[in-house]
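Participant: Just need the structure, nothing else, for what follows:
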Amino acid sequence: QVQLVESGGGLEQAGGSLRLSCAASGRFHSINSMGWFRQAPGKQRELVTSISSDGNTNYGDFVKDRFIVSRDNAKNTVYLQMNSLKPEDTGVYYCFAGATLSPTRPPATYTAWGQGTQVTVSS
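Facilitator: Have a look, this model is predicted:
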């Protein structure tokens, strides 16, 4: 159906920047919302950001203008530029994509998840 492949992440010092990418592939009619969740050790998974197919964005309160989400619809790829990183940004970042598999009525939809990529910010 829909597969997501993430790249980026790694180890960065506080105040630095990282860029994550997530590409969707497979058999689908369209990709709708894309974005990222994250999960820190011992904490629940939380929404970092989402972006719709027409570019409307939503961010978690903790982002505070530090992160920027963008997407390339032609490549079915979403990007997350993370600036001014803090140690509390450490966690596994999971990409997600909401897809319409077929334009039936009602449409067949599917939410795909990436395998997760580790982001570690040192103080």
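
Participant: which residues does the closest residue to Gln115 other than its chain neighbours contact?
Facilitator: Excluding the flanking residues, the one nearest Gln115 by CB to CB, 6 or more residues apart in numbering is Glu6, at 6.5 Å. Just so you know, the C-beta spots here come from the backbone N, C-alpha and C atoms, and that holds for glycine as well. Applying CB atoms under 8 Å, 6 or more residues apart in numbering to Glu6 gives the contacts Leu20, Ser21, Cys22, Tyr93, Tyr94, Cys95, Gly114, Gln115, Gly116, Thr117.

Participant: let's see it at 10 Å
Facilitator: Glu6 is in contact with 20-23, 36, 78, 80, 93-95, 113-117, counting by CB atoms under 10 Å, 6 or more residues apart in numbering.

Participant: Then Asn58?
Facilitator: Ser33, Gly35, Leu47, Val48, Thr49, Ser50, Ile51, Ser52, Val69.

Participant: Quickly find the element holding the second one.
Facilitator: Same thing as Gly35. Using DSSP states H and E, Gly35 falls within strand 30-39.

Participant: Repeat that for the fourth one.
Facilitator: Assigning secondary structure by DSSP H and E places Val48 in strand 46-51.

Participant: before we move on, what about the last one?
Facilitator: Under the assignment given by DSSP H and E, the secondary-structure element containing Val69 is strand 67-72.

Participant: After that strand, heading C-terminal, what element do we hit next?
Facilitator: Downstream of strand 67-72, the first helix or strand assigned by DSSP H and E is strand 77-82.

Participant: quick one: average pLDDT of that following strand?
Facilitator: Strand 77-82 shows an average pLDDT of 98 in the prediction.

Participant: Where is the longest strand in the chain?
Facilitator: strand 91-102 (DSSP state E).
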